[in-house]
Every structure is written in structure tokens, then in C-alpha cells.
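Participant: Provided below are the primary sequence and the corresponding predicted coordinates.
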Amino acid sequence: MNNTAFVTILRFVALVILQVVIFSNINFLGYLNPYIYLLFIILFPFDKDNRILFIFSAFLLGLAIDMFSDSGGVHAAACVFVAYFRPLMMRSVFGVSYDYHNIKIEKTYFGQRINYLIILILTHHFVLFSLEIFSFAHILLILKKTLFSAIFTLIMCLIFISLFSRKST
Amino acid sequence: MQQIVNFLIRNKTFITFLLLFGLSLFFTFQSHSYQKTKFVNSANWVSGKVYSNSNNISDYFHLKEYNKQLVEENLRLRKQLLNIEDNAIDSTFSSDSLFTNYNLYNASIIKNSFNKRRNYLLINKGRNDSVKQDMGVITSKGIVGIIENNSSNYANVQSVLNSLSEINASIKNTNNFGSLKWNGEDFKTVQLVDILRSAAIKKGDTVITGGMSSIFPKGIPIGTIENFDLDVSQNYYLIDVKLFNDMTTLDHVYVIENLNRDEILTLEASIDE
């Protein structure tokens, strides 16, 4: 077990506990909660050959959140979805050559980083709320929840990334 | 055959994705169906432990409120006790016979939820404390929900704030029955449907449980009528009921066991045959 694997497992457990104990109970304006567990998917080591492991851990992450919040499988579905399409999102944001470099999120340009986060978070939240509400009649509610929660999640994720990024030497 | 294997190997990422996505969708749709035991629920050892630990801490911030609730309940029960006429506690009623229909257990809510469309709570009593599926959960003020899943030490409660919930209810002092549902919008109000147009109702009337189900006894308070209107068919009322309970600050609850439930269910099953 190397260092990266250890950090990833630690991040998994810490994010799940933080999410269910603190961030799922904020209820800002009555219904807004940030889903900071997405940081696990955002920060998962970029590896072209290991996508199955990545998708599977995203599934476990979503399932853990679902177990805690009694939401069936909506988080798991949303996590698997963004995990599968993450390479596509990264290619469109960081350029085609991203997989040759060992990209660290804290070393990317601020603009690119924000774009990557926005695309990933919006996709995740849209899948999540569509499945949770599951009714075309409430499409406006789905979009409203997606947008406002995404803003909240984005702010929290940026704060966490800058708090926990190692100072470049 | 060779080609199939090659195809599988070439598309293994996509197949994994489809498989796991399909599995999550299966879990999701299963949770959408009414009253079905779910595979993924928070009534288990891991989430129970996490929630009871975090609840241990957050409880301290509400102690004053809980004390006030308990004093209010005591006051109400004292009043009832003082006003009971002596002969009601006559020797002809042996104290045992009063408890043959319903049994109560106490429990605390360790995970609350009210901002989703399907809300589930978690309580710290389970199979070991004889808390089982389809028991009612109430507080001193009114109803909370129905037990849906249990593990050995924890149980899930389907809250009244759940779009799948359907509870038999009636308006106090009348014989009009309807069912209590929730439209998923405001956590202070639930909807009472299927009350006939001929019913005489007015704002402020009290809504209680109807006693037509084997879960809740008759007469548990639910809320007051806030607003009412005729539904699309123009034959039934659609009533907004303001809950007595503040669903955001629940803590100590009672679980009701109907001791005759098995008998009622066997009887109903024999009629259906």
C-alpha cells in the first residue's frame, strides 16, 4: 500500500463522515446543502489505465452516502455517472494532453480549475436531483435545486482545495 | 465466442459503468416504491453508531427545549389525571386490561431529515427492543411517522413528510375519513385528501388519526386545518393541515405497538381470499 492509496482511503472516510454529520444538516434557506463528498471524485488520482477502480470507488462513495441519508441509490448513480464522464470533462477543460501530465488540481490555472469544478458539480447535481425528485412536472424545482446547490458546493470545494493544498515548493 | 470475449475486454470500462449505474438505478427505483424493505438504509450498525455519536453532542444544544416539552406533557397528563372521575379507576378495570390493545416504547431520534421529498428518520431502538416494521411513531404533540426498516439496534421511520406516506386521518368530532399525504413542499403542512364535499369543515378544525388502520390508534392529534379547497373532481376536499409537531426539532418519541395487529391482519387476509 503506497502513500497515494492511503491518502485516498483516508479522504474517502473523512469526506463521508464530514458530509453526513455536518454538511447534510446545514439546510441553508431551508433546503440547500453542499455535497462536499464530490471532492473525492474531483481529486482522485488521474490514471488512464485504472478507470474501473475509479468508477467502482465512486460507486462505493455514493452508496455510503445513500446508506446514511436513506435516499435509495441516487448518490451512487450520480457518482458513477460523473466518474465515467470525468475524462471527457477533463479533456475538454485541460486540453487533450492532460493525461500525459501528472495534473495536480492545486497547480492548475484558476480559470481552468473553476471550469472543471463547475462542469463536474453541475452534472452530478443534475443527475442527483433528477433521480431524487423524479418527475417532469417538477423540472423547474430540479433546475433550481441543481443551480443553487451547485453554487454552494462549488464555494465549499474551492475553500477545501485551498485549505488542504500543499504549498508548492 | 472469441469475439464476444474481446468485445467485453475492449469495453470493460463502459460495461462496469453500465452495471454499476444500473445497480444504483435499481436501488433508486426500489426506494420509490411504497412500503418495501430497502437494501440500502441507515438502520445498520455503521450509520447507527455515527449518528448516535453525533447526536450525543448535538443534543446538548437542545436540552432546554426538550425539558420544556417534557414539562408541558407532564402538565397535560397531570390535568387529565386530576380530572378523571374516581370510578373510572375502579377495581373492575384491572390495570392489566388497560394495556392489552396498545403498547408504547420510548426512543430518541438520532437522525432527522425534512428537506427532501422522501424523508426518513433514524431512531435508536430496533429489533432487540421489539421495535418492528409498521409500528406508529408519535411525540407528545402528534404523529411523526411509521417504522419501515429495522436492524438489531436501530430502526428507520418513514416520516409523514414523505411523498410515499399515506396515513388514515379524520376530522375531530366528525365521521369524515380521508388519507394524509404530503406534496413535498412545506415541512410545516401536510395534505388531507378524500374528505367528501358534504363534510362540514372550517379553518382551525383539529385533524386526528382515524383508527381505520392497524398502525395508529384513533385520536392521535395531527394538526389543524389551515386552508381547504375542492380538488379537480369537485367532489372531495383538498385540505392543508398544519402539523402540531415541529418536524425540525424532534427528539424523544414514542413507538406504538398494536398488540392486536397480527389478528387484524390474519382476519383481513382471510376476507381477501
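Facilitator: Received the coordinates, thanks. All values derive from a computational prediction rather than experimental measurement.
Participant: what pLDDT does the closest residue to chain A within the stretch 51-200 of chain B get?
Facilitator: Closest contact between the stretch 51-200 of chain B and chain A, by CB to the nearest CB, is at B:Tyr120 (3.7 Å). No exception for glycine: its C-beta is placed from N, CA and C like everyone else's. Confidence at B:Tyr120, expressed as pLDDT, is 90.
Participant: swap in B:Ile15?
Facilitator: 89.
Participant: ok, it touching B:Ile4?
Facilitator: No. Counting by CB atoms under 8 Å, B:Ile4 is not a contact partner of B:Ile15; they are 11.8 Å apart.
Participant: pick out whichever of these two has more residues nearby.
Facilitator: B:Ile15 (14 against 8; other CB atoms under 10 Å in any protein chain shown).
Participant: from A:Lys48, how far out is the closest residue to the more buried one other than its chain neighbours?
Facilitator: Spatial nearest neighbour of B:Ile15, chain neighbours left out: B:Leu8 (6.5 Å); criterion: CB to CB, 6 or more residues apart in numbering or on different chains. Distance from B:Leu8 to A:Lys48, counting by CB to CB, to the nearest Å: 20 Å.
Participant: I'd assumed B:Phe39 was in a strand, is it?
Facilitator: No. Read with DSSP: H, G, I helix; E, B strand; the rest coil, B:Phe39 is coil and lies in no strand.
Participant: my guess is it contacts B:Ser24. True?
Facilitator: No. Between B:Phe39 and B:Ser24 there is no contact under CB under 8 Å: 11.3 Å.
Participant: so who does the residue most central in space within chain A touch?
Facilitator: Nearest residue to the geometric centre of chain A (CA atoms, centre = their mean): A:Leu38, 2.1 Å. Applying CB atoms under 8 Å, 6 or more residues apart in numbering or on different chains, we find A:Leu38 in contact with A:Val82, A:Leu120, A:Ile121, A:His124, A:Thr153, A:Cys157.
Participant: I'd say the fourth one and A:Ala78 touch.
Facilitator: Yes. Proximity of A:His124 to A:Ala78 meets the contact threshold set by CB under 8 Å, at 4.9 Å.
Participant: out of the contacts of A:Leu38, which are buried?
Facilitator: A:Val82, A:Leu120, A:Ile121, A:His124, A:Thr153, A:Cys157 (16 or more other CB atoms under 10 Å in any protein chain shown).
Participant: quickly find the element holding the fifth one.
Facilitator: Here A:Thr153, judged by DSSP states H and E, is contained in helix A:139-164.
Participant: and that helix, what other elements does it pack with?
Facilitator: helix A:38-43, helix A:110-133 (3 or more CB pairs under 8 Å, 6 or more residues apart in numbering or on different chains; DSSP states H and E).
Participant: what number of residues lie near residue 74?
Facilitator: The chain I'm using is chain A. A:Val74 - counted by other CB under 10 Å - has 27 other residues nearby.
Participant: nope, chain B please
Facilitator: Residues near B:Asn74, counting by other CB under 10 Å, number 11.
Participant: give me the element it is part of.
Facilitator: Assigned by DSSP H and E, B:Asn74 falls in helix B:63-83.
Participant: list just the nearest of the buried ones among the contacts of A:Leu38 to B:Pro221.
Facilitator: When those are compared for distance to B:Pro221 (CB to CB), A:Thr153 wins out at 39.4 Å.
Participant: write out the residues of the stretch 1-150 of chain B neighbouring chain A.
Facilitator: Applying CB under 8 Å from any CB of the partner chain, one finds that the stretch 1-150 of chain B approaches chain A through B:12-14, B:16-17, B:20-21, B:23-32, B:38, B:40-42, B:44, B:46-47, B:50-51, B:54, B:111, B:113, B:115-118, B:120, B:122.
Participant: distance between stretch B:240-255 and the chain's centre?
Facilitator: 10 Å (CA atoms, centre = their mean, to the nearest Å).
Participant: meant to ask about stretch B:72-81
Facilitator: 24 Å.
Participant: also stretch B:48-64?
Facilitator: 21 Å.
Participant: which ones are touching the residue lying closest to B:Pro217 once chain neighbours are set aside?
Facilitator: Leaving out its chain neighbours, the residue that sits closest to B:Pro217 by CB to CB, 6+ apart is B:Tyr102, at 5.6 Å. B:Tyr102 makes contacts with B:Pro217, B:Ile256, B:Glu257, B:Asn258, B:Leu259, as judged by CB under 8 Å, 6+ apart.
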